[in-house]
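>>> attaching a predicted model along with its sequence, questions to come.
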Amino acid sequence: MIKISVSPEDMTLVKSLRFNHPHPRVQLRMEVLWLKCRGLSHQQICAIAEVSPNTLRQYLRLYQEGGIEKLKQVNFNQPKSALGEHRNTFENYFQEHPVASIPEAITIIEQQTQLRRQPTGGQERD
């Protein structure tokens, strides 16, 4: 079982953020910490907050690593498109030279970048 020590100042903030933070994931993290500080078992917290034991431990470790600020961080993995750096160039090009079809646009993009795009959202190849 993970031992947590939360200051009275942090408890006041947790109490507020579990309902008032704009992101639902942060609210859930605060709720888990709130329940932990109320002395509930991990099993009870998981049932009430509807989180897995692994998620519960992850949230508690985040608090141990960086306090409330760490719990407030929401970082989603957002892969970057290989064409991202060419976006403005192609927007300008296609505004000046409209294409008649998606395959035509794919051909132009591939000729200029060597990246093959798929009309169905497939992955590019190098």
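The structure has been received and is ready for your questions. Numbering: from 1, shown residues only.
>>> where does the prediction get shaky in the chain?
78, 120-126 (pLDDT under 70).
>>> centroid-nearest residue for it?
F76 (2.0 Å; Cα atoms, centre = their mean).
>>> please report phi then psi for it.
Torsion angles at F76 (phi, psi; degrees, to the nearest 10) stand at phi -100, psi 140.
>>> in stretch 26-40, which residues are buried?
By neighbour count with 16 or more other Cβ atoms under 10 Å, stretch 26-40 contains the buried residues 26, 28-36, 40. Every residue, glycine included, has its C-beta placed from N, CA and C.
>>> so what's the gap between it and the chain middle?
Between the centre of stretch 26-40 and the centre of its chain there are 20 Å (Cα atoms, centre = their mean, to the nearest Å).
>>> neighbouring contacts of it?
Here stretch 26-40 makes contact (Cβ atoms under 8 Å, 6 or more residues apart in numbering) with 4, 6, 11, 14-15, 17-19, 21, 44-45, 48-49, 51, 56, 59-60, 62-63, 71-72, 74.
>>> quick one: buried ones out of these?
Neighbour counting with 16+ other Cβ under 10 Å marks 6, 14, 17-18, 21, 45, 49, 51, 56, 59-60, 62-63, 71-72 as buried within the contacts of stretch 26-40.
>>> what's the most distant pair in the residues you listed?
I45 and K72 (19.3 Å; Cβ to Cβ).
>>> which strands or helices does the top helix by length along the chain pack on?
Determined from DSSP state H, the single longest helix within the chain is helix 53-72. Contact partners of helix 53-72 among helices and strands, from 3 or more Cβ pairs under 8 Å, 6 or more residues apart in numbering; DSSP states H and E: helix 8-20, helix 24-37, helix 42-49.
>>> how about JSON lines for those helices, with distance to P103 added?
Output for those, formatted as JSON lines (distance: least, Cβ to Cβ, whole Å):
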{"stretch": "helix 8-20", "distance to P103": "50"}
{"stretch": "helix 24-37", "distance to P103": "41"}
{"stretch": "helix 42-49", "distance to P103": "50"}
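>>> out of those, which gets nearest to Q118?
helix 24-37 (32.0 Å).
>>> roughly how far out does that closest one sit from the chain middle?
17 Å.
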